[in-house]
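Q: Give me a model of this one.
(one chain, ligands or ions: 1)
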Amino acid sequence: MIRYALICDNDHEFESWFKDSAGFDALNSKKLIECPACNSTKISKQIMSPKVQRTDLVPAEQEWIAPASQSSELLSPEDLEMRQKLAEIRQRMTEDSEDVGSRFTEEARKMHFGDIEQLPIYGRASLEEARELIEDGVGILPIPPAFDERN
Ligand SMILES: [Zn+2]
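A: A predicted model of the protein is given here:
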């Protein structure tokens, strides 16, 4: 389920739950979503508020490709260079930090609230956990993924 902030053509704002983005589109194209204030069916999603946009710091999802054959032609020499660059960025961002793995969310929050000493750390967090941290005012940044060199 996903909650959308919606607005009708008379500028009435309301919220509603949908199965997913496609679910919203399907209902809306059939004019099955009504404004609770004026019953208008000219509904659109609201532009995200600045607070919501902050969570854009965290990538929503990673896109993947599954090539039909085991060809490495998907990556040109330039692409491989870019990949190398990202690996270097990752290295630079993390070299002085401790890898706390799955304890990242917990440790980052403790530091933020002064429960433990502030030290640079990195680790894993789900999108949901990362969003909660950002909403709590904890400063975190996504780091480039570690590429699996065996591919
Ligand atoms: Zn309305």
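Q: host element of the residue nearest to residue 132 when sequence neighbours are not counted?
A: The shortest distance from residue 132 to any non-neighbouring residue, by C-beta to C-beta, 6 or more residues apart in numbering, is to residue 105 (7.6 Å). C-beta coordinates here come from the backbone N, C-alpha and C atoms, glycine included. Residue 105 belongs to helix 104-112 when assigned by DSSP states H and E.
Q: Would you indicate which residues of that helix are buried?
A: 104, 105, 107, 108, 109, 111, 112 (16 or more other C-beta atoms under 10 Å).
Q: Output these in JSON lines, with distance to the ion and pLDDT appended to each entry.
A: Below are the buried residues of helix 104-112 laid out as JSON lines (distance: C-beta to the ion, whole Å; pLDDT from 0 to 100):
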{"residue": "104", "distance to the ion": "43", "pLDDT": "92"}
{"residue": "105", "distance to the ion": "40", "pLDDT": "92"}
{"residue": "107", "distance to the ion": "46", "pLDDT": "92"}
{"residue": "108", "distance to the ion": "42", "pLDDT": "92"}
{"residue": "109", "distance to the ion": "40", "pLDDT": "91"}
{"residue": "111", "distance to the ion": "45", "pLDDT": "89"}
{"residue": "112", "distance to the ion": "41", "pLDDT": "89"}
